[in-house]
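In: Prediction below, plus the sequence it came from.
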Amino acid sequence: GGEDEIQQLQKALLDYLDENTETDASLVFSRKFYIAQWFRDTTMETEKAIKSQKDEDSSEGTHHAKDVETTGQIMHRAESRKKFLRSIITTAASQFSTLKMNSDTVDYEDACLIVRYLASMRPFAQSFDIYLTQ
């Protein structure tokens, strides 16, 4: 999945949480938690990528122009993710339900599947097999 697909899944999950806040008040917290976690993940990934770029730049020293372009791309991608999350935060609850991507709504099973998929993309879940084999 590319960046757009992940953002679509995140938006679908947030739509589901927003639609069901009337039946379960804890979903308001879950929605805010996911937004904050994704924002934090974006910041951490950006810092790691820039740090690795600087480490490569100091060790090689010859590909500086290429590294600057790559760092710029990393920053641009991070800013677009943050802009997406900020737009979700600033969208009022009444407007949020009118901005759905599809007319179809996400049901509970689909929301669980989306959560499992997005969780599998996290660094801990990706490194869990390594921990298990060790």
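Out: Right, received. Where do you want to start?
In: Tell me how many other residues crowd residue 13.
Out: By other Cβ atoms under 10 Å, the residues close to residue 13 number 22. Just so you know, the C-beta spots here come from the backbone N, C-alpha and C atoms, and that holds for glycine as well.
In: now do residue 78
Out: Neighbours of residue 78 under the rule other Cβ under 10 Å: 17.
In: Grab the nearest non-local neighbour of it.
Out: Spatial nearest neighbour of residue 78, chain neighbours left out: residue 46 (4.1 Å); criterion: Cβ to Cβ, 6 or more residues apart in numbering.
In: For residue 10, the count of nearby residues, please.
Out: Residue 10 is flanked by 19 other residues according to other Cβ under 10 Å.
In: brain fart, residue 16
Out: Residue 16 sits with 20 neighbouring residues when counted by other Cβ under 10 Å.
In: And residue 19, by the same measure?
Out: Residue 19: 16 neighbours (other Cβ under 10 Å).
In: Least confident secondary structure element in the protein?
Out: Sorting the helices and strands of the chain by mean pLDDT, DSSP states H and E puts helix 93-96 at the bottom, at a mean of 49.
In: so who does the residue nearest to residue 78 touch?
Out: If you count contacts by Cβ atoms under 8 Å, 6 or more residues apart in numbering, residue 46 has them with 74-75, 78.
In: Let me know the next secondary structure element after the least confident helix or strand of the chain.
Out: helix 108-120 (DSSP states H and E).
In: Put the alpha carbons of that following helix into PDB.
Out: Taking Å, rounded to 0.1, in the frame of the first residue of the first chain, the C-alpha atoms of helix 108-120 are listed here in PDB:
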ATOM      1  CA  TYR A 108     -17.500  -3.300  12.500                       C
ATOM      2  CA  GLU A 109     -15.800  -6.200  10.700                       C
ATOM      3  CA  ASP A 110     -14.200  -3.800   8.100                       C
ATOM      4  CA  ALA A 111     -13.100  -1.500  10.900                       C
ATOM      5  CA  CYS A 112     -11.400  -4.400  12.700                       C
ATOM      6  CA  LEU A 113      -9.700  -5.400   9.500                       C
ATOM      7  CA  ILE A 114      -8.500  -1.900   8.900                       C
ATOM      8  CA  VAL A 115      -7.100  -1.600  12.400                       C
ATOM      9  CA  ARG A 116      -5.300  -4.900  12.000                       C
ATOM     10  CA  TYR A 117      -3.800  -3.900   8.700                       C
ATOM     11  CA  LEU A 118      -2.700  -0.400  10.000                       C
ATOM     12  CA  ALA A 119      -1.300  -2.000  13.200                       C
ATOM     13  CA  SER A 120       0.700  -4.500  11.000                       C
END
